Structure formats: structure tokens, C-alpha cells
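[1] predicted structure and sequence below. I'll ask about it afterward.
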Amino acid sequence: MVLTVRNVTKAYPGQTQDIAVLRGVSLDLAAGQSLALTGDSGSGKSTLLHLAGALDTFDSGEIEICGTPLSGLNDTRRAALRRRDVSLVFQQFNLIPSLDIQQNISLHARLGNRWDADWGRHLSERLGLAKLLDRYPEQLSGGQQQRVAIARALAVRPKLLLADEPTGNLDETASSAVMELMLALVSESGAALFLVTHSAAIAQMLDRQLHLKHGQTG
Amino acid sequence: MTRAALHAVLSHWWRHPLQLATLMAGLALATGLWSAVQAINAEARASYARAAEQLGTAGADRLLAENGTIPLGRYAALRRAGWNLAPVLEGTVRFGRQSFDLMGVDLLNHPMVANLANAAEQDGVQPLDALLPSGRLFAHPATAIALEANQTPYPVTSTEALPRNVVAADLSLASRLLRQPKSLSYLLILPDQLPGLRPLAEIAPGLIHAKADSASADTARLTDSFHLNLTAFGLLSFAVGLFIVQGAILLSLEQRRGLIRTLRGLGVPMGLLVAVFAAELAFVALAAGLAGLAGGYFVAAALLPGVSATLAGLYGAPVEGSLSLRPVWALSGLAMAFGGTVLAGAQSLFAIWRMPLLSAPAAHARGQQAGRSQWGSAIAGIACILVGILILKTFQGLLAGFAFLGGLMLGAAMVLPLLISAGLLLGARLARRPFSAWLWADTRAQLPGMSLALMALLLALATNIGVGTMVSSFRLTFNGWLDQRLSAEVYVTATSDAQGAELATWLNQKGIRVLPIRRHDLRFRGAPLRLYGVIDDATYRDNWPMLQSLPDAWDQVAAGKALLVNEQLANRHGLSPGAELRIAAGWEMTIAGIYSDYGNPNGQAIVSLPELLQHAPDIANRQFGLRLPPDQLPETISEIRKAFEIPRENIIDQAELKARSLSVFDRTFVITAALNLLTLGVAGFAMLTSLLTLWSQRLPQLAPVWAMGVTRRQLAAAELLRSLLLAAITALLALPLGLVLAWALLAVINVEAFGWKLPMYLFPIDWLRLFLLALLAAVAAAALPALRLSRLDPAELLKVFAHER
Amino acid sequence: MNAKSALSLLLAGWAATAQAQGFAGLGSDAEGFAIPQRGYQLSFPQDHGAHPDFRIEWWYLTANLKSASGTRFGIQWTLFRSALAPGEADGWQSPQIWMAHAAVTESDRHLFAERIARGGIGQAGVSANPFEAWIDGWQMRSTDGALEELQLTASGKAFSYDLKLSAEGPLVKHGENGYSVKSESGQASYYYSQPHYQVTGTLDLPEGTVDVSGHGWLDREWSSQPLAEDQSGWDWFSLSFDSGDKLMGFILRGDSGNYTSGTWISAGGTAKPLAEGSFQAEPLEFSNVEGRRIPTRWQIKLPQRNVSAEVQALNPQSWMGTSFSYWEGPVTVNGSHNGTGYLEMTGYE
């Protein structure tokens, strides 16, 4: 299994009492599989994604990435995990405005010392970025920026790709085009995909769907 | 990983070169002004040390006589008791039209003999010839030129080994020139002494043993206050520069919040990120520090001649006009740059450390934070001011005075944002039209970003007002004092005592009132004291600038019962009229009054001439003040010149003497004026940089206003207006602060540094000029952003909306 | 810069020009200075005092002493007067410069000190009646008014001494009744001695105080040009034999040959001048002293008195590293005659 989630709970401190966001969530994701997580706003789907990306810590239960349990890891080890095995694509793209496109694409892979120029070139060609490599993010449209974010995430050749509403900032046409490209490239790279979306249409494009309600899987 | 992270973090500067320039310039300015001041201080101190060393007085204790001179026989007796002493006779000697300080030494045993002998050798002269009747003078090349220009009738050997203001000669010649064959000024106790000698206290009980630091520290004691002043100025400039630096660092961090979060999301550990930012700051500190050092060096080199003039004018302290590079100075400058960067950047580094990995900052919350931090800053500021007052009340002295000033200035700067904010709130309440209401509110919203620059402006303006008021008050007082003090119409210096006596008789016969100016130098409680003997004349009774006196002060002085002391002496030793003062062994008098004596660092006292002659019968009798109707002046002068061989330069009329004194005074404050202007320049630059750095953040706020139909031109005008508004409020607040500063300088610092208290005068025209200057700086600072705004491509404004989707 | 090197610098020009002509300016022309005259009758006590019209003058005391435990010591006390111009003037105007050297020599240690002072101001000088010669804290003072009883003190950083001298014989005039010729061309000085002092007193040394006693020899000499132009230095011997006889002999080394002279002083105190060339001295052994090659063992001969002996330095390193440097130290005599003495050698460069 690339990702195993077992009975994970998570609560945030509230004004009078803690607010439980996840109340014992479990799921599995094998290599090459894709899983869509849907749910209403506040259902905890983004929180679950952040936990899976080792961006945040959980209260109980266990999450394993490629067999490594996250509960015992310190900040440094979790950062190392993010550099190599896990990649993220955010709704807000989160490109570095002061780096050009080529540098943005290679950044994550170079942080993890696994930059493969051929693979990078292949990704930018497939994502239609080849002619934009010396531009800066602010000079690109939203759809282009999201494709850069996808290229950056896949350049690492992650075992697990996490995507949080990756097309949330795009219109419908751009959205489905970007989704198709992403799915194709994910399967080409052999990564497992764990995607959070509120769109049923997008969820249907993935192998499996999981619905989160009040912090629990249904 | 490190390289990639470093590259990502640093790429920010590549895209924001202006911000980088601001940061570097701010730090370079701070370092530059600070190290300029330090270079000047170091150079001046090195000059004193070099002079002391060249004169052989460094590190050597001295024996002094209470009454000023040591009989030659006393010296011989001490030598025969085995003590290794070097005799020195000091005095002033006149060649041609110029007076020189002459230092007579025994060429066989004074510490500076080697240097003089070397110099003589290079002149092809046998050094010992200087002992023979033809004699020989030794002087710094510059002084040697002056000696030769005045047709000095003695051969002169020039040597760099002597400080500028001293002419040295063997005692055989010096004792002849100074007409003191049987007395010495002091004895240097040379370091090389035989063991087992009878203690000096036992065999020379009448002589004062002055420790090296106190003896050679005469100059240091006097000039320390001046250097402390300079240091305070330097520190102020440094603080102003740091405001710029902190602003730039905070902004750069603000703009890289997203980058930091993304990098962490991509797996860059926190420790590495903080290290990368620290490395960035270190590099900036190094580069800007080096640039600042280079700049500081040039500023110092440019200012040093002014400083030399100041020190020479104020204290007669010798400072070479050229600057040398000292490693210690460079290191301390770099250390200041690093220290300053750490100070300014620590907050940023801490913020990175504390920055959560996920949640995005909420703009609204930060607005509230700004309000809270204004209150916090104001409370801290008031605490600073209170601590300053407490220090001033608790401890005396110059340092306490500066601590008070520091607390006052820093505290006022910290209170400033709250005061401006309150002013803007008031303005917004009064605004009627929507555009002006928006302008007031928007200005208030901008305040957090501008407050550091405004603090810098406040400090610079207040300093200008304070120091300007101090200097102008001083000058006004000094001018009035000169009028009182220089009451004789003309001053004549005879070439010899005999001629002096002859001249006095001749003038008396012509019915001209003659005021002999005769003085005797001695040591009083370890410091120099100059004693004047005056005759009983209405001139003194009518004009002398008395501060406090007994009712019959002049009668008592004339009767030889009392003396008058200058303010410095009174302050230093807590003297007051009516008290008894023991001037020297067996010479005790009542203090009849205290008079003001500006521009003189040393103690001074006045007794009746017969009284002085009783204790010092051999004093020179060459200087005279003449009272006569002004219309007889030219005639009398030409008659004197006909009857006596007195060079024209030896006859100075009142007006000329006043002009000379005032020019010395003005030179004294050249450096102050220059530093004032520099500080204001730095503050103006701080405003410019804040406005420029705020630029990128402004667009999202301006775009909606623009969309609602306000033209870009109007927006640009609003930009200028806003800058003017902030500068004007700051300038108004700077006025009371400046006046408090002036009071502190006049009533606290001056008393501690020089020993005199000065009345404070107000100069509203100067304030107005400064106010306009501040507005000008504000307009200049806002001009560039405003211009950019008026020419902004509407597409740029539209982008704001596109991004916000 | 320490006092000594400063002093050397000051005097360097003086010494350099002087040494080009002979040691310490003794060979230069006597411009304005008085010149010793043959036939002049020395008169005492006046002539014990200073003669400011002459260029150079000295009061030169050496002594061979022993401690109670038998350790040998040599003592030197010299006051030089050197005039920049003839005559005396009051106060700082005086052209007279005074210089003094003191030394304590043991077989393995040579301690010395130097003083320099202005004339005219009371810091240094010599008065004839009562006799007193002084510079700073050093003095050679008569306790009876004349030269018969003296008290001698000097102190340096590492030593000081306080000695009583008591003359047991008459003054000795060298050469022709005190007129001592120094070269073929007639350069001369006035020269007399008191070689008969019994000495007792104490030495203060780094290890402590030592009581000593022995014999002392005072030389008085003044002149304006005692050396000829080509003479570069001298080797001077003052020897006291166990027999009670004494021998003063010197060699003035010149480019055109050496000039030797001397005086034989019998045990009773009668002085006989030696003819030029009759006193002979040959170096037997040289020592490396302060980078110089200096003879520290000599063969001396005075055939007319059957003297043939070796003179050996007590301490070959008796170098006076003063402003004018020279070798001065106690010696031992072995051979036809045995005894002790002092040797002075100048002009070795």
C-alpha cells in the first residue's frame, strides 16, 4: 500500500471546547490507484489530505506512507518524506513568483535531489509548457499556472500525489482538460493519486470515490 | 536541497532589485555614518596619543609645582637623589607676527630626544650643536614653514616626529627665549628608575605628583565630551538607518510568506529555511557593511578638516587633517553592520520560526494587530522616556545626560505612530467628502508600513531643531558676552616687558586709560588655572559679565581681599560667592563673584593686580587694553606705531577681535551642521524607500478606488498629499521634542561637557524653514511613486481583480 | 626607545665624526680650547677640580677587591667631562657635558651603568676644595677635604656600591712632571694618579650585599687633543705587583706605528717615566666580545725592570656597552711579577 489511514482522529482547539474534524477515518490506496475524496465544506477532506501529506499531525490512529508510520516522525523526517515520496498540488497553485517556469518545475525535484531533466522536459511538453519555460508565474494564465504546479509535483516522480481541488480555480473547460492531462501523466509515472474535490464529475474520472461526512467515511 | 532552497529564497531579490537596493543602502548608510564618526573619533584620539607620545609625555607621571614653576635647583636636587626626571619648560614665544607654543627640554635626557637627534642628523647637523648658543628649534614641517615665514632668527629642523602645534628646543635656548633661566614648568618622571630611591612624597613634598592619565589627559578630559557628542550623533544616524533596514527586511519577508510556506510544503525543513534567511541577512550585512565602510571613510575624510578646526577652536587640541585606515575601525564598523542587521532582522527570523505551515494570514487580523502594536509601542516609548528622566535624576554627569536624551528620543519615536494615528482618526472624522474620507482612512491604513520612516524623520527633525537651537542660542549668548568682555577699544601687545612698561607710561601721559592684561598660570586641584590680575577700573565694574556676585564684589577685589572665578571653575568644584578659596599654599581669598567665560574649557580667576604681583612678581607685562574715544582710534594707533617698534599685527581693535572670536566659534560648529544635514538626508531617504516598498502592496487597495471612478492622476495627487500629511504631522510633533532636546543640550549636556549653562532662545523662522524642508523631503519621496501611479497601465490595475478571482 | 639607545643616537653624530679621527674626539684639532703646556706646574687642590677650557677630562677610579670568601671583584667609577665649547657658563647655557660609567666585574659577570648630564645646573660637576665629583646620585667625595680620604658611590639597575678609599702613598705625576706625551708629533695631556688607595666597603649585587676590601687606583687626566690624527685607540695597563711596585703602561695604536709610554712606581711611591718604546705588550689570545675581536691575554715586558709576565683578563667579556663603548676590566698578572691590575682597551671596531 502506498497510503494507509487507520482510525485517524483530529480535533482543532475551539473557543470553549475542541472541535473534532476527523472522527476515525480509514482508507487504503495502492500503487497506481487513484482515489477521489468528496464531501461538503467543513467535512474535513482538506484536513485529511494535509495529514496524508505529513503537513499536519493527527491525534490518534495511524497513517502509513509506503509502510512508514507517520506518528513517530519528527519535523525533519516528515519534511524529508515530503521532499521524496509525496507531492502536492494545491488549489492556489503556490508557485514561487520570483522563479521562472523552468525553475519552478524543477524546484521540488531539486530539493529532493532527484531532478531528471528528460522527465522534466517530457512533462513540460505534455503539459504544453515548453514555450513558457522562461516566463514568470504572473505572466501565465490560471490554467497554465496549474499545469506548472502539476509538472512540479510529478517531476519528483512521487509515490503518492496529493491534489487539493487542483482545478478549483479554473473554469469548466480548462478544468477537465487539466484533469485529463494530470490523470494520464499520473498513470504514466506510476504514482498513486489521492484527490480532494467537491465536483462529482471530477470524482467520477478516478478509480475509486470516497465520501466524507462529519469527519467520517460513509 | 540547500542550493535549491537558497536559490528559491534569493530569487526574490532578483525580481525586487529596488527592495534590495533599499535594504543595502539603509544598512550602508547606517554603517557609513556610524563608522565615519568612529573614524573621526579614532583619528582624533590617535592624534592626541601621537602628540603625547611625540612629546614624550605618554605614560609618564609628572611633578608639578602648586605655584606653577619648579626652581631649577629643586630639579638638580631631585636628580642628585637618584630620580630619573626629564625637565620641561613651557611657554609661548613670539616670532614675527605669530605666537608659538615652545617646549624646552633637556636634549640629553628627554624621551623625544632620539627623534629630534634623528631629524637633526638628516639635516646634516650635529644634534649636540642645539645645546650651543646658536641654538636650534625643532618643529613639524608645517610649523617649521610658519617659523621661517616669520623670520625666526634660529635654525629650524623640521620633523614629522613632533605634533603640529609645538616648537621644541633645548633648554639652553628655551630658557633664554622664555626668560626663565632658573625655573621649569614640570618634571616628567621617566619610567626607568633605580630601585630603592627615597619616595618623592618624602623628598619633594611641595610638588604635586600628577598621574600620567590625569596629566596627559588634559586634552582627553576636555575633548571626551566632544567625542561623546559625535558618538551620540553617529548612533542616532545608525538608528535612523536601521529603521530603513528593518522596514526593508520586514517587507521582504512579508512578500515571501507564500514562498516560505510552499517551500515547507515541498519538504524544506524549518531549520534550513531559517539558516537560509540568516545567511541572506549575513551576506547583506557583509556587503552593505563593506559599502558603508567605504562611504564612511569618505565622509570622515571630508568631515575631518572641520573636526580639526572644531577641536583646535574649542580646546586647542591637535588633530592631523588626514585620515588613516585602522583595522580596528573597519572591524568595529562591520560588527555594527552585523549587529544592526541582527537587531533589525531578529524579528523576521523569529517570525519565520513561528510561521505555521498551513493557515494563511488573515488581513483583517493584522489590521487589529497594528492597532494593538501602536499601543504597545507607545507604552514602551513612555517607559523609555521615564527611564531616561529617572537616570538623569539619579545619576549626574555627561553619560546620564546622554542616557536621558537617548530615552527621550527613542521613546518619542515609539509613541509617534499612536499620535499620528490619532491625528488621522481626527482628520477622518472631520472629512466631509467621500474622497477625502477615503484618503484619511487609507493613510491610516498605510501607517504601519510608514511608521518606521516617520520615526526616522521625527528623530532627524527633532535633532535639527534641538541642535540648531543650542548652537544659535550659544552664538547669540556668545556674541553678547563678547560685547561685554571685549570692552577696551584696542588691544596692544608689546614685544618685551621693558617696552610694555614704557608704552604704559607713554599712554598714561597722553591721558589714555590703560588696562594691563597680566596673567599667571598655575595648577589648581590637578587642572590648569589661569589667574588674571586687573587694576581697579570702571570698565570692569560696568561691563564684566557677572552671573552671581556679592554686592561689593569689585571693591573687595580691588582691596585684594577677594577674587572672581569663572563659571567652569565654580561648577567643577561647587564654588559659590562668599566662600573661601585656597588658590595655592598660603594664598586664600573670598569668592566675590562668578562670571561667564564661554569658549574656554579651563578654570580662570581674577584678582587685583597688586595681589597677583605679590605672589607672582615675574609675570609678563606686554598686553594692554586701551580705553579711548573711538574717533581717536586710528590716530592713536599710528602714533603708537611711530613711537614704538610694535608690529601692526600686535595692535588689534575690538571689532577685529570680535570677528576673529566669532569665526572660531563658527568653525567650531561646522561638524554639527554637516551631521545635521546628513541625518535629515537619511530620514528623507527612509521615507522614499518606505513609499517605494509599499508600492507593490498598494495596488490592491488602489484598484477598487480606481474602478469606482477616481482617475489615476487623482490617485497620484492623493499619494503626494498623503506623504505631505504624514510629514507635516511628524514635523509638528518634532517641534516640542526638538525644544526639549535643546533644553537638555543647553542646561544638561553643556554644563557637564564644558562647565557653562546657556540661556535658551527660540528661533521660529528656523522652525518654519525646517518644516518646509520636511515637506519638501516628503514631496520628493512621494514623487517617484506618484509619477509611476499616474502613468500606470490600467491592465496592471485590472490584474488585481483577475488575481483575486 | 629606551634611554640608552636614545642617548647613543644623540651622541652618534658627535662620536662618528670623532671616531673618524680617533676615539671620542680626542684627536681633533683644538679650536679655541686650551692646550697642555710642557713645564706647567700642577697645583693642588685646584687641579683636582674641572678644567673647562680643555676639551676633555676624566676622574677615573678602578679597584681590585675581594670578599671575605675570596671572590674577586673589579670596580670602575669614571666621570668624564666633555666640552662642546671652551669655558663655563651659568645654568642651561653651560657648554659642558658630563658622562659617567660605573661597573662591577666578576669572573662570570660584568654589570655596568651610565649617567649623562648637563653642566651648569648642578646636576653634575666637580669642585676642587673640598673635593667632590658627582653626577645625579653618584659621587666621589672627599671626607677630609683633600684626595686622601674619599667616599665613592654609584648605582645602576642591578648593582650599587658604597666604598671608602684611603690613600697610603703620594700622588704620582706621569710623564714630565704630569705632562704626558701621547704621540711622536707632540700631542699631550696632563696626567697624574693616586695609585695607593686602600679600599673597603660594600657592594649591593642581585644576590645580596657583599663586604669587600682591596686596592684602588685613581687617574686624573685632561687635555684637548691627547691623540694624534692617525691614532685609533689605546691599550692601557695599570698593574699592582705583590712586591708593592706598580706599573702604568699604554700603547697608542696608530697607522704609522704604535706609541708606547708608561711610569714605574716603586713601592715607596717614587715615579720614573718610561722611555718611548721601553714598555712592550703583545696580545697572546683574543676573545670574541660583542662581535669584536679583542685581546684578553697579553704578554708584557719591561726589560729595564726585568718584567716579563702574562696579563690575563678576569672576565674576557668586560665590555662597557655604553654610549661610547670600550673594554675595561680587572686583570691578573703572572710571570716574573705577580699581581692584579686593570686593563682598558679602546678603538676596537
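    That came through, no problem.
[2] so the closest residue in space to residue B:785 that isn't next to it in sequence, which state does it fall into?
    Nearest non-adjacent residue to residue B:785, counting by Cβ to Cβ, 6 or more residues apart in numbering or on different chains: residue B:691, 4.9 Å away. For the C-beta atoms, the positions are set from N, CA and C on the backbone; glycine is no exception. Secondary structure state of residue B:691, per DSSP: H, G, I helix; E, B strand; the rest coil, is helix.
[3] which bits of the stretch 101-250 of chain C sit near chain B?
    C:116-118, C:121-123, C:134, C:136-137, C:155-157, C:160 (Cβ under 8 Å from any Cβ of the partner chain).
[4] kindly recompute the last result at 7 Å.
    C:116, C:117, C:118, C:121, C:122, C:123, C:134, C:136, C:137, C:155, C:157 (Cβ under 7 Å from any Cβ of the partner chain).
[5] in space, what's closest to the second one - neighbours in sequence excluded?
    Right, residue C:117. Nearest to residue C:117 is residue C:124, by Cβ to Cβ, 6+ apart, at 3.7 Å.
[6] run a quick neighbour tally on residue B:386.
    12 (other Cβ atoms under 10 Å in any protein chain shown).
[7] with the one 3 residues further on instead?
    Close neighbours of residue B:389, defined as other Cβ under 10 Å, add up to 15.
[8] now swap in residue B:429 and tell me
    With other Cβ under 10 Å as criterion, residue B:429 counts 9.
[9] that one sits in which helix or strand?
    Remark: residue B:429 resides in helix B:398-430, with elements defined by DSSP states H and E.
[10] how far is that helix from where the chain is centred?
    Distance, stretch centre to chain centre, for helix B:398-430: 25 Å (Cα atoms, centre = their mean, to the nearest Å).
[11] mean confidence for it?
    Averaging pLDDT along helix B:398-430 gives 86.
[12] could you pull out the helices for chain A?
    Ranges of helices within chain A are A:45-52, A:75-84, A:101-111, A:117-126, A:142-155, A:172-189, A:200-204, based on DSSP state H.
[13] next up, the contacts around the residue in chain A positioned nearest to chain C.
    Using Cβ to the nearest Cβ, residue A:98 is the residue of chain A that sits closest to chain C, at 62.7 Å. Listed by Cβ atoms under 7 Å, 6 or more residues apart in numbering or on different chains, the contact partners of residue A:98 are B:11, B:12, B:14, B:15.
[14] kindly recompute the last result at 8 Å.
    If a contact means Cβ atoms under 8 Å, 6 or more residues apart in numbering or on different chains, then residue A:98 has A:136, B:8, B:11, B:12, B:13, B:14, B:15, B:16, B:259 as its contacts.
[15] next: residue B:96.
    Contacts of residue B:96 by Cβ under 8 Å, 6+ apart are B:149, B:150, B:151, B:152, B:647.
[16] nearest to chain C, of these?
    Nearest member of the contacts of residue B:96 to chain C, counting by Cβ to the nearest Cβ, is residue B:152, at 19.5 Å.
[17] and that closest one, that's in a strand?
    No: secondary structure of residue B:152 (three-state DSSP): coil, not part of a strand.
[18] residues in contact with it?
    With contact set as Cβ under 8 Å, 6+ apart, residue B:152 has these partners: B:95, B:96, B:137.
[19] and for the first one, the neighbour number?
    Residue neighbour count, defined by other Cβ under 10 Å, stands at 20 for residue B:95.
[20] that one and residue B:105, how far apart?
    Per Cβ to Cβ, to the nearest Å, residue B:95 is found 19 Å from residue B:105.
[21] can you list the low-confidence ranges for chain A?
    A:218 (pLDDT under 70).
[22] my error: substitute the stretch 501-650 of chain B in the last question.
    For the stretch 501-650 of chain B (pLDDT under 70), the answer is B:526, B:599-601, B:649.
[23] if we go to 90?
    Low-confidence segments of the stretch 501-650 of chain B (pLDDT under 90): B:501-553, B:560, B:566-576, B:578-588, B:596-604, B:612-650.
[24] got the residue ranges for the helices in it?
    Assigned helices in the stretch 501-650 of chain B, in chain order: B:538-543, B:553-558, B:567-573, B:609-615, B:633-643 (criterion: DSSP state H, counting those that start in this stretch).
[25] can I get those in TSV including mean neighbour count?
    Shown next, in TSV, are these (neighbours: other Cβ atoms under 10 Å in any protein chain shown):
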stretch	mean neighbour count
helix B:538-543	14
helix B:553-558	22
helix B:567-573	21
helix B:609-615	18
helix B:633-643	14
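[26] nearest to residue A:52, of the ones you listed?
    helix B:567-573 (78.3 Å; Cβ to Cβ).
[27] contact partners of that closest one?
    With contact meaning Cβ under 8 Å, 6+ apart, helix B:567-573 is reached by B:524-525, B:527, B:529, B:547, B:575-576, B:591, B:594-597, B:600-605, B:751, B:754-757.
[28] sorry, back to before: so who does the residue nearest to residue C:117 touch?
    Contacts of residue C:124 by Cβ under 8 Å, 6+ apart are C:79, C:98, C:100, C:115, C:117, C:118, C:134, C:135, C:136.
[29] of all the residues you listed, which two lie farthest apart?
    Applying Cβ to Cβ across the contacts of residue C:124, the maximum distance is between C:79 and C:118, 14.0 Å.
[30] residues shared between the contacts of these two?
    C:98, C:124.
[31] buried subset of the residues of the stretch 101-250 of chain C next to chain B as a ChimeraX selection?
    Of these, the buried ones can be selected in ChimeraX as follows, counting by 16 or more other Cβ atoms under 10 Å in any protein chain shown:
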select /C:116,117,118,121,122,123,134,136,137,155
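[32] just the residues of the stretch 101-250 of chain C next to chain B: which are in strands?
    C:116, C:117, C:118, C:134, C:155 (DSSP state E).
[33] rebuild the residues you listed as TSV, extending it with pLDDT.
    Listed next are these as TSV, based on pLDDT from 0 to 100:
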residue	pLDDT
C:116	89
C:117	91
C:118	88
C:134	96
C:155	93
